[in-house]
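J.: Any chance you could fold what I've pasted below:
(chains A and B)
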Amino acid sequence: DTGVSQDPRHKITKRGQNVTFRCDPISEHNRLYWYRQTLGQGPEFLTYFQNEAQLEKSRLLSDRFSAERPKGSFSTLEIQRTEQGDSAMYLCASSLSAGNTGELFFGEGSRLTVL
Amino acid sequence: RKEVEQDPGPFNVPEGATVAFNCTYSNSASQSFFWYRQDCRKEPKLLMSVYSSGNEDGRFTAQLNRASQYISLLIRDSKLSDSATYLCVVGGGGTSYGKLTFGQGTILTVHP
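T.: Predicted coordinates:
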């Protein structure tokens, strides 16, 4: 399978705990995106990387959220001191930057439930 | 004001109907425009890009009006399999070149 993979697919945690999600993009893709989606809404932009550089981070993202892509390959998204409002589907996507065709290839997402 | 706004619907249409979705965006510097489709409990997938001259892909026609900051998608001869959420997506300009912003989506249900 050469698509975008995310792990874990489901995570249930208690309020106040830290959680980390991992994304493995399509191997030749240099851009990697994180989005958050709640029921009835479109994906909300969180951040994106070009290679290992984090080029933009949403102003809506609190300091509890941090993302890394240390070697320009896989990425992690960590949420510290989770709150119930963090419950959502966290989607990772990757793309090629050349040509900027806009085709993002999404993973199946990591669903977070904060109790 | 949201960066990308869509009528959430839902739209319920019979097979064979023509349906149109509208979208507006706030950033006049936006450079790229797309429609994505998302099936229930699935990830979004690119449906088509939108060009200034308008473009067509089979039963789907997309239009862009930069002056009005308005994007549309027309689906002709609707099929049951067209039932999904349609997401309007805008690519940023300037320093936000790589950022893609999604609208909230428009739900379409095609019934027999």
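J.: Can you name the residues of chain B sitting close to chain A?
T.: For chain B, the contact set with chain A under Cβ under 8 Å from any Cβ of the partner chain comprises B:4, B:6, B:8, B:31-34, B:42-46, B:49, B:87, B:89, B:91, B:95-105. Any C-beta I mention is one placed from the backbone N, CA and C, and that applies to glycine too.
J.: Mind giving me the ChimeraX select for the residues you listed, buried ones only?
T.: In ChimeraX syntax, the buried subset of the residues of chain B next to chain A is picked out as below (16 or more other Cβ atoms under 10 Å in any protein chain shown):
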select /B:4,6,32,33,34,43,44,46,49,87,89,91,96,97,98,99,100,101,102,103,104,105
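J.: Stretch A:62-75 and chain B in contact?
T.: No. Stretch A:62-75 is not in contact with chain B by Cβ under 8 Å from any Cβ; minimum separation 13.5 Å.
J.: In chain A, where is pLDDT below threshold?
T.: Scanning chain A for pLDDT under 70 picks out the ranges A:1, A:98-102.
J.: which residue is nearest the middle of it?
T.: With distances taken as Cα atoms, centre = their mean, the residue of chain A nearest its centroid is A:Trp34 (3.0 Å).
J.: tell me which element it falls in.
T.: Counting by DSSP states H and E, the element that carries A:Trp34 is strand A:31-37.
J.: Which other helices and strands does that strand contact?
T.: Strand A:31-37 sits against strand A:44-50, strand A:75-79, strand A:88-95, with contacts defined as 3 or more Cβ pairs under 8 Å, 6 or more residues apart in numbering or on different chains; DSSP states H and E.
J.: Output these as a markdown table; include the columns distance to A:Arg15.
T.: Shown next, in a markdown table, are those (distance: least, Cβ to Cβ, whole Å):
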| stretch | distance to A:Arg15 |
| --- | --- |
| strand A:44-50 | 20 |
| strand A:75-79 | 11 |
| strand A:88-95 | 14 |
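J.: Reformat those strands as JSON lines; add mean neighbour count.
T.: As requested, the helices and strands packed on strand A:31-37 are exported to JSON lines (neighbours: other Cβ atoms under 10 Å in any protein chain shown):
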{"stretch": "strand A:44-50", "mean neighbour count": "21"}
{"stretch": "strand A:75-79", "mean neighbour count": "20"}
{"stretch": "strand A:88-95", "mean neighbour count": "24"}
